[in-house]
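Peer 1: Return a 3D structure for these sequence lines:
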Amino acid sequence: MIEPDNPVVAPGMAQPSAGPASQRELHEELQRLRSLFNTTLLATLLLSVAVNAFLLYQYRIIRAELDGARRLTQEFQTTKWPLVNKLVAGLQSFSQTHPDFTPILEKYGLKSFPTDQVAQPGQFPTPGQSGK
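Peer 2: Down below sits the predicted model:
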């Protein structure tokens, strides 16, 4: 096989026929590699700290929203739900005296219960169900 007269060699690389590299060149190359490794390690460390700080920030935001949602749910269960039960009980008692209103209650799954039975949360249709 015929080799080219002027082989292309990357800058900073010794030609293969030049013999072994001197001790000084190897030491300089090792220093450059150490410097590159340390720089990469520092960049990775800074990136991981930044990602962790961002995730902590997001965690605090989500925790605050979750606490607000829990307070809202607790408020609904303690103050609003009894009012809904009272309204449903009133509509059911109204339908007992006015039979023409019964189909409307049945349409929405609020069938008449005996007057001594209180409507429980599980007796109402879930959102999206209409009884049609």
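
Peer 1: Show me where this protein dips below the pLDDT cut-off.
Peer 2: 1-21, 112-132 (pLDDT under 70).

Peer 1: what do you get if the cut-off is 50, keeping everything else the same?
Peer 2: Low-confidence segments of the chain (pLDDT under 50): 16-19, 115-116, 118-119, 122, 126-132.

Peer 1: Where is the longest helix in it?
Peer 2: In terms of residue count, the longest helix belonging to the chain (DSSP state H) is helix 23-75.

Peer 1: Check which element follows it along the chain.
Peer 2: Remark: after helix 23-75, the chain's next helix or strand is helix 81-97, criterion DSSP states H and E.

Peer 1: can you pull the buried residues of that following helix?
Peer 2: The neighbour-count check on helix 81-97 (16 or more other Cβ atoms under 10 Å) flags Asn85, Val88, Ala89, Leu91, Gln92, Ser95 as buried. For the C-beta atoms, the positions are set from N, CA and C on the backbone; glycine is no exception.

Peer 1: Including distance to Thr40, could the residues you listed go into a markdown table?
Peer 2: Listed next are those as a markdown table, based on distance: Cβ to Cβ, whole Å:
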| residue | distance to Thr40 |
| --- | --- |
| Asn85 | 65 |
| Val88 | 67 |
| Ala89 | 70 |
| Leu91 | 71 |
| Gln92 | 72 |
| Ser95 | 76 |
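
Peer 1: Could you single out the nearest of those to Lys111?
Peer 2: Nearest to Lys111, judged by Cβ to Cβ, of these is Gln92 at 8.2 Å.

Peer 1: okay but the closest one is in contact with Leu105, surely?
Peer 2: Yes. Using Cβ atoms under 8 Å, Gln92 is in contact with Leu105, at 6.7 Å.
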